[in-house]
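# model the following, please.
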Amino acid sequence: MLSLSPPCIPTPTRLLLESLERGDFGLFAHGMRVGRIAARVGVRMGLSEESNHLLEAAGQLHDIGKLSVPYALVHKEGTVTPKEYQIFQHHPELGGALLEECQQPPELVDTARQHHERWDGRGYPLGLCGNEITLFAQITALADAYDAMVSGRSYRSMLGHSEALEEIQRCRGSHFSPAVVEAFLAAEFYQAP
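Presented below is the predicted three-dimensional model:
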């Protein structure tokens, strides 16, 4: 089992992370990377240490709703059908409901629910736009997208770091918050271990 970070996250959150690891190591590893990236962006955005620990935990658990989606669909190779995509689109709601039921902090609940929302309002499941999306979810959405781009996926090959940065800059103001993109580019997380 991997060492969970940050060390001060509450025991119920640790139990959820351990469940995620047992359920799907790929989702667990992805969540850990997203949490680390999000925390570095949070530092650049001036979040307090306490807020940044919560942001890291929110990033780690953002995809926990995927445990309720059939494993074969989460790891399907090739294109998903429209019906499969509809099933997949429920994972933010499922994750938010799970975290809420486990009495997790609202920042974690909202991040799970909102991490597929877009700055321009074309995301899901709620169709939120701009600052209707919580800052934690805005940061996690970008960290999630970056990690997905530079990691291998069953449905597409990975991008290099430079290509991913170009895509993020292209999506500034449409998919991503301009302020979060600016902090992300300044964080230079990719140079640190």
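# tell me the mean pLDDT over whichever helix or strand Ala145 is part of?
Secondary structure from DSSP states H and E places Ala145 in helix 135-150. Across helix 135-150, pLDDT averages out at 96.
# helices or strands up against it?
Using 3 or more CB pairs under 8 Å, 6 or more residues apart in numbering; DSSP states H and E, the elements in contact with helix 135-150 are helix 25-44, helix 49-61, helix 106-114, helix 161-170, helix 178-187. C-beta: built from backbone N, CA, C; applies to glycine.
# could those helices go into CSV alongside mean neighbour count, distance to Val80 and mean pLDDT?
CSV is the format used below for the helices and strands packed on helix 135-150 (neighbours: other CB atoms under 10 Å; distance: least, CB to CB, whole Å; pLDDT from 0 to 100):
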stretch, mean neighbour count, distance to Val80, mean pLDDT
helix 25-44, 22, 17, 91
helix 49-61, 23, 23, 95
helix 106-114, 23, 21, 97
helix 161-170, 14, 21, 93
helix 178-187, 18, 28, 95
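# what's the closest of these to Lys76?
helix 25-44 (12.9 Å; CB to CB).
# centre of the chain to that closest one, how far?
Chain-centre distance of helix 25-44: 7 Å, with CA atoms, centre = their mean, to the nearest Å.
# quick one, what contacts the closest residue to Asp63 other than its chain neighbours?
Nearest residue to Asp63, sequence neighbours excluded (CB to CB, 6 or more residues apart in numbering): Leu27, at 5.4 Å. Taking CB atoms under 8 Å, 6 or more residues apart in numbering, we find Leu27 in contact with Leu20, Asp63, Ile64, Lys66, Leu67, Val74.
# phi and psi next, for the fifth one.
According to degrees, to the nearest 10, the main-chain angles of Leu67 amount to phi -70, psi -20.
# how close does His91 get to Leu128?
The gap separating His91 from Leu128 is 16 Å, by CB to CB, to the nearest Å.
# now swap in His175 and tell me
For His175, the distance to Leu128 - CB to CB - is 13 Å.
# before we move on, what about Glu163?
Counting by CB to CB - Glu163 and Leu128 are separated by 28 Å.
# do Val150 as well
For Val150, the distance to Leu128 - CB to CB - is 26 Å.
# nearest to Gln169, of the contacts of Leu27?
For the contacts of Leu27, the residue nearest Gln169 by CB to CB is Asp63; the value is 24.4 Å.
# ok, the closest one - contacts?
Applying CB under 8 Å, 6+ apart, the residues contacting Asp63 are Leu20, Leu27, His30, Gly31, Val34, His91, Gly95, Ala112, His115, Asp144.
# save those residues as JSON lines, and put in distance to Thr81 too.
Formatted as JSON lines, the contacts of Asp63 follow (distance: CB to CB, whole Å):
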{"residue": "Leu20", "distance to Thr81": "26"}
{"residue": "Leu27", "distance to Thr81": "22"}
{"residue": "His30", "distance to Thr81": "23"}
{"residue": "Gly31", "distance to Thr81": "26"}
{"residue": "Val34", "distance to Thr81": "27"}
{"residue": "His91", "distance to Thr81": "16"}
{"residue": "Gly95", "distance to Thr81": "22"}
{"residue": "Ala112", "distance to Thr81": "25"}
{"residue": "His115", "distance to Thr81": "23"}
{"residue": "Asp144", "distance to Thr81": "23"}
